[in-house]
Structures are given as structure tokens and as C-alpha cells.
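Asker: Below are the sequence and a predicted model for it; my questions follow.
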Amino acid sequence: MIIADLSRIEGRTYPARRRTRNLVGGASPIQFRSFCMGHVTLEPRGGQVPWHNQEQEEVYFIVSGVGEMCLGNERVTLTAGQAAMIPPGEYHQLTNIGDEPLIMIYVYGPAGDVAHWRQELSGTLPRAGVEAPPLPEGAWPQCTLKP
């Protein structure tokens, strides 16, 4: 039996103030071709999965905390127990707008690399309204900090 133990997965911290730990795919001992799954912690007041898109279908499930979810032209508040569906190719961003860490689970499929992780770490993430579509009006700004 192959087990991925979250308490033993160090994961990676990104410039946008989040920690991502792969449970299925990536550095996890569990590998599938059909999907990847991970655990993400966004730091209070601004920790973020920055504005990006990808080819895979994806779902964000909020375990705890409160976040601003932007998807295309839409902007909504997500809270614990809610899941957001992200169609392939659609630009999206999740920002912690609360005073506590936001914990979320992502699942995307098919499995494979998502470019925004590399882009964020190299400082080449497409900027909203410049190399990428603009964020919805009133949205928390996209984090484009360089490592």
C-alpha cells in the first residue's frame, strides 16, 4: 500500500505566501495519470494562488478560512465547505482575505505539470492586464513578487 502522509510532506513555499504539498502527483509517492491532488495553505491577509490558467480541469475545495476567488470575469467569496469548479483554460486566482490561514485542497486532471508553479518561482508569471487578461474589477491584486 502506498500512503502519502501530509505530516511528512515538506512541500514548497511560493513567493505569493502559500505552501503547497502534493498528495497525488508531483513529489508524492502516489502517482496517477488521470489526476493530481494537493494541500495548500495560504497565509492570512493576502496569501495567494496568483492569476493564471492551465489546460487541466480543476477544483478548489476550501477546508478552512475565507478567500476571494476570481474566475474569468467573476469574483466571489469562498468559505469552508465550498468547492469551486475551474474549467480548462480559464484564468483564476484565490486570495486569503481573512485573518487566519486559508486551507484548501486542489484536484486537477489529467495529471501533469502546471506552468504557473515554475513561472512564479522564476518571476515570469504573466501579469494580469498585461500578458494575461485583467482581474475582475475590485479584485485583490495579483502577486507577482520575484523570489
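Answerer: That came through fine.
Asker: can you pull out the helices in this structure?
Answerer: For the chain, the helices defined by DSSP state H occupy 115-122.
Asker: now the closest residue in space to Gln82 that isn't next to it in sequence: how far from Val40?
Answerer: Once flanking residues are discounted, Gln82 sits nearest to Ile62: 5.3 Å by Cβ to Cβ, 6 or more residues apart in numbering. Glycine gets a C-beta too; all of them are placed from N, C-alpha and C. Ile62 is 10 Å from Val40, where distance means Cβ to Cβ, to the nearest Å.
Asker: Which of the helices and strands in the protein ranks last by mean pLDDT?
Answerer: helix 115-122 (a mean of 91; mean pLDDT, DSSP states H and E).
Asker: So which residue is dead centre in this protein?
Answerer: The centre of the chain sits closest to Val49, judged by Cα atoms, centre = their mean, with a distance of 4.0 Å.
Asker: which residues touch that residue?
Answerer: Going by Cβ atoms under 8 Å, 6 or more residues apart in numbering, Val49 touches 16, 18, 40, 42, 60, 92-95.
Asker: which one of those sits closest to Leu135?
Answerer: Closest approach to Leu135 among the contacts of Val49 (Cβ to Cβ): Gln93, at 6.8 Å.
Asker: Look up which residues are beta-bridged to the closest one.
Answerer: Beta-bridge pairing for Gln93 (DSSP bridges): Cys70.
Asker: pretty sure it is in contact with His52, am I right?
Answerer: Yes. The pair Gln93 / His52 is scored as a contact, 7.4 Å apart, by Cβ atoms under 8 Å.
Asker: Right, I'll leave it there.
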